[in-house]
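> Based on what follows, work out the 3D shape:
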Amino acid sequence: MAKTSTKVSKSRKKERVDRRCSLLELRLTESTLTLGQEMRVNELPGTINVNITVGHLSEESLSQLAARIAFTLTARYAPSEAAIISIQATYVLVYKVEPLVGLSDPEKTEFAQKTGLFHCWPFWREYVHSSTTRMGLPAMRMPLLVPQQLTFKNESPQTKP
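Got it, this is the predicted structure:
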């Protein structure tokens, strides 16, 4: 019987994770839309806040790493007023990473924050745009992703995507 090894060559381990992965699937797993009664006709609120929470799950036996990215958008006419629009969406992105063995939790978190968010952002932008028009509002356009301007709330790492 042949002996198998899970050793990872140093050169392969040092290679950036995003260069040795492939996206297997992207799913919208949760969403909520709320429109307040105080909404003004054809006028979008001027104060918009987007919170992003990033987590990761991994299954080393399958070489899979999942990024869980939750977006929460709130919109107000003034910072002191109640939210008029609330849009929440959670996406799960599943990646095949060769090799996944030996990747630390901080490396997995960084991967989810950078690569996962980069792949997910266009879907979030489209979701906000289409949701606001379906709510009978002018289309709300999210900006392009600027990674340097982001701060994250991290979830606790888990296993099994």
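
> residue boundaries of the helices in the protein?
10-14, 105-111, 117-134 (DSSP state H).

> quick one, what contacts the residue positioned nearest the centre of the chain?
The chain has residue 69 as the residue nearest its centroid, 2.8 Å off, counting by CA atoms, centre = their mean. Contacts were defined as CB atoms under 8 Å, 6 or more residues apart in numbering; by that measure residue 69 touches 52, 53, 54, 55, 90, 91, 92, 93, 112, 116, 117, 120. Any C-beta I mention is one placed from the backbone N, CA and C, and that applies to glycine too.

> For residue 132, see how far away residue 58 is.
35 Å (CB to CB, to the nearest Å).

> what comes into contact with the lengthiest strand in the chain?
Among the elements of the chain assigned as strand by DSSP state E, the one spanning the most residues is strand 21-35. Identification of contacts with strand 21-35 by CB under 8 Å, 6+ apart yields 64-65, 68, 70, 83-98, 111, 115, 119-120, 123, 127, 131, 135, 137.

> Filter the residues you listed down to just the ones in strands.
64-65, 68, 70, 85-97.

> Under the pLDDT cut-off, which ranges of the protein? List them.
Scanning the chain for pLDDT under 70 picks out the ranges 1-15, 18, 147-161.

> Leaving out chain neighbours, which residue sits closest to residue 48?
In space, and not counting its chain neighbours, residue 48 is closest to residue 75: 4.8 Å by CB to CB, 6 or more residues apart in numbering.

> Residues in a beta bridge with the one you found, which ones?
Counting by DSSP bridges, residue 75 is bridged to residue 48, residue 85.

> and it, how far is that from residue 136?
Taking CB to CB, one finds residue 75 at 15 Å from residue 136.

> of the two, who's got more company?
residue 75 (23 against 10; other CB atoms under 10 Å).

> and residue 36, what is it in contact with?
Residue 36 sits next to 82, 83, 84, 85 when contact means CB under 8 Å, 6+ apart.
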